[in-house]
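A.B. asks: build me a structure from this.
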Amino acid sequence: MQINMLGPLVAHHNGTSVTPIARKPRQVFSLLALQAGTVVPVPALMEELWGTQPPASALTTLQTYILQVRRGITVALGASHNGPAKDVLRTCYGGYLLDVDPTHTDVYAFERLAEEGKRACERGELDLASARFRQALDLWRGDALVDVHAGMRIGMEVARLEESRLGVLEARMETDLRLGRHAGLLPELSALTARHPMHENLWAQFMIALHRSGRTSQALEAFIKLRKTLVNELGVEPSARLQHLQHAILRADPGIDRNGPEVPAAASVALA
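C.D. replies: Numbering: from 1, shown residues only. The predicted structure is shown next:
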């Protein structure tokens, strides 16, 4: 069974969909898939479905949702599987387990590629690191589980995945800056800073890319724009690191033109 969660939920076995259609069974399946191969306790499933105030019939209703998910699995397995669906979605002591190899999920593939990129970066293999970061990001088809109603548990997992996605994106930007690809990054960094107007790492990378592309005045304007946003929204000044970068650009510090430690260490921060 292949399960994709980095976008709309898609689960299939040999070309047959296993994805539940009804909202609550879809939630149950998604939480189990996020923790494929691990027992998800009944209280965790209840919290996902009903928050801190489950109805008196919660356990019975949860069992009904489990049966609905199993029916979909039964259809997909067909004659190609000797065992029943309950061998795939197993009842365990205190909870349920989706007995699917975690490597058959796009979440696993994303995290593996991101880790490979990080290790390649640490070895100084920047071309390989950039390629692995790009491959990881290419797995995303939109926001994680965008078509699944998210309760507390799924919401936390989605937030974690989105934060990891942004971290890999920052790491890819830093790697490409170190490879001298600053001019090609400008359109993407322009869009990213518009989408994340208070994200200092992205703004720092944008400033460096602008400066290295011969657009120093725009790099300084970018700092002013970031400062206004931070002051107006949060009442704080840019970090000392950003201010040092602005001063280095103002005095035409030759260090900024070199590919090296002057670039914000996004990879080490985001993927630590």
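A.B. asks: just the helices in this protein please.
C.D. replies: Taking DSSP state H as the test, the helices found in the chain are 23-34, 42-50, 58-77, 106-122, 126-138, 152-178, 182-195, 200-212, 216-234, 240-250, 266-270.
A.B. asks: to residue 13, which of those lies closest?
C.D. replies: Of all these, the one in closest proximity to residue 13, counting by Cβ to Cβ, is helix 58-77 (4.1 Å). From N, CA and C alone the C-beta is placed, and that goes for glycine too.
A.B. asks: give me the distance between the closest one and the centre of its chain.
C.D. replies: How far helix 58-77 lies from its chain's middle: 28 Å, per Cα atoms, centre = their mean, to the nearest Å.
A.B. asks: what lies in contact with that helix?
C.D. replies: Contacts with helix 58-77, where a contact means Cβ atoms under 8 Å, 6 or more residues apart in numbering, come from 1, 12-14, 16-20, 22, 24-25, 28-29, 32, 42, 45-46, 49-50, 55, 84-86, 88-89, 91, 96.
A.B. asks: next, the buried residues of that helix.
C.D. replies: Within helix 58-77, the residues that count as buried by 16 or more other Cβ atoms under 10 Å are 58, 61-62, 65-66, 68-70, 72-74, 76-77.
A.B. asks: who's in contact with the nearest residue to residue 132 once chain neighbours are set aside?
C.D. replies: Spatial nearest neighbour of residue 132, excluding adjacent residues (Cβ to Cβ, 6 or more residues apart in numbering): residue 117 at 3.5 Å. For residue 117, the contacting residues are 128-133, 136, 168, 171-172, 175, 267, 271, by Cβ under 8 Å, 6+ apart.
A.B. asks: closest one to residue 193 out of these, please.
C.D. replies: residue 172 (15.4 Å).
A.B. asks: please work out how many residues are found near that closest one.
C.D. replies: Residues lying near residue 172 (other Cβ atoms under 10 Å) number 26.
A.B. asks: state the number of residues packed around the closest residue in space to it that isn't next to it in sequence.
C.D. replies: Closest residue to residue 172 apart from its sequence neighbours, by Cβ to Cβ, 6+ apart: residue 133 at 3.7 Å. Residue 133: 29 surrounding residues under other Cβ under 10 Å.
A.B. asks: quick one: residue 133 from residue 90, how far?
C.D. replies: The gap separating residue 133 from residue 90 is 36 Å, by Cβ to Cβ, to the nearest Å.
A.B. asks: ditto for residue 127
C.D. replies: From residue 127 across to residue 90, the span is 44 Å (Cβ to Cβ).
A.B. asks: domain assignment for the protein?
C.D. replies: Under the assignment automatic domain parsing, the domains of the chain span 2-104, 180-265.
A.B. asks: and residue 38, what does it touch?
C.D. replies: Shown in contact with residue 38 (Cβ under 8 Å, 6+ apart): residue 97.
A.B. asks: need phi/psi at it.
C.D. replies: Phi and psi for residue 38, reported as degrees, to the nearest 10, are phi -130, psi 140.
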